[in-house]
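Colleague: After the sequence you'll find the predicted model.
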Amino acid sequence: MIDNKFRNCIYLSIELAAKGYRLSVDNGVLTSSDDVAVQAIIDSFDPVPPSQLEATDRVNEAAGLVRAKYATDIPFQSESYKAKLADCKAFQDSGTEATISNYMYVNARATRQGVTGAVAAKQITDVAAQWDFLLFNIEDLRDAALEAIQAETDWTLCSSIADEAILTLEGI
């Protein structure tokens, strides 16, 4: 008689199939294609690594979807943001209202909005900081979930950790 300590473990079924065996329930009794070989596989099987891998993949996919929700994949858009931020930081580090024309992004915003260069630069850097914080939150949640999954020794809990992380990520 087969003793399957991993009931409802899809990873065991995959492992058995990969080795050419099957395990099924017939009238409430476990049956297999080769009881001795299947029992040996069950006895040596560790479901934690495949459970961790599947949970990790799900969390990574969810984090990627959240990042994609906010990503701008337009040619040169990232470069524009970087140039604008560099211009603001340069103005904040050494620019003055008298030299604002040397800082095209700061000057353009200040002129359009009728504000000082300091105000325009702060507006731009504040927006950049908000984006950085959003990205940090996504990565921090992802990292924490992956660490918890890797530390988990009960294969049945890996999926729950992923589910909780995914729900949190989807709320961003």
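Modeller: Now that the structure is in, tell me what you want to look at. Residues are numbered from 1 along each chain as shown.
Colleague: Most distant residue from the centre of this structure?
Modeller: Ala98 (45.4 Å; CA atoms, centre = their mean).
Colleague: So it belongs to a strand, correct?
Modeller: No. In this structure, Ala98 is helix, not part of a strand, as judged by DSSP: H, G, I helix; E, B strand; the rest coil.
Colleague: any idea how far Met104 is from it?
Modeller: 16 Å (CB to CB, to the nearest Å). Where you see a C-beta, it was placed from the backbone N, CA and C, and this is true even at glycine.
Colleague: repeat for Ser51
Modeller: 54 Å.
Colleague: who's more crowded, those two?
Modeller: Just comparing Ser51 and Met104: by other CB atoms under 10 Å the higher neighbour count belongs to Ser51, 23 against 12.
Colleague: so how many other residues sit close to Phe133?
Modeller: Phe133 has 10 nearby residues by other CB under 10 Å.
Colleague: I meant Leu135, not that one.
Modeller: 13.
Colleague: any idea which residue sits dead centre in this structure?
Modeller: Ala63 (2.9 Å).
Colleague: tell me the mean pLDDT over the helix or strand harbouring Ala68?
Modeller: Assigned by DSSP states H and E, Ala68 belongs to helix 48-70. The average of the pLDDT scores along helix 48-70 is 94.
Colleague: Buried by neighbour count: which residues of it qualify?
Modeller: Within helix 48-70, the residues scored as buried using 16 or more other CB atoms under 10 Å are 48, 50-52, 54-56, 58-59, 62-63, 66-67.
Colleague: which strands and helices sit next to that helix?
Modeller: If contacts are counted by 3 or more CB pairs under 8 Å, 6 or more residues apart in numbering; DSSP states H and E, helix 48-70 sits against helix 10-18, helix 117-151, helix 155-170.
Colleague: what element comes up after that helix heading to the C-terminus?
Modeller: Counting by DSSP H and E, what follows helix 48-70 is helix 77-94.
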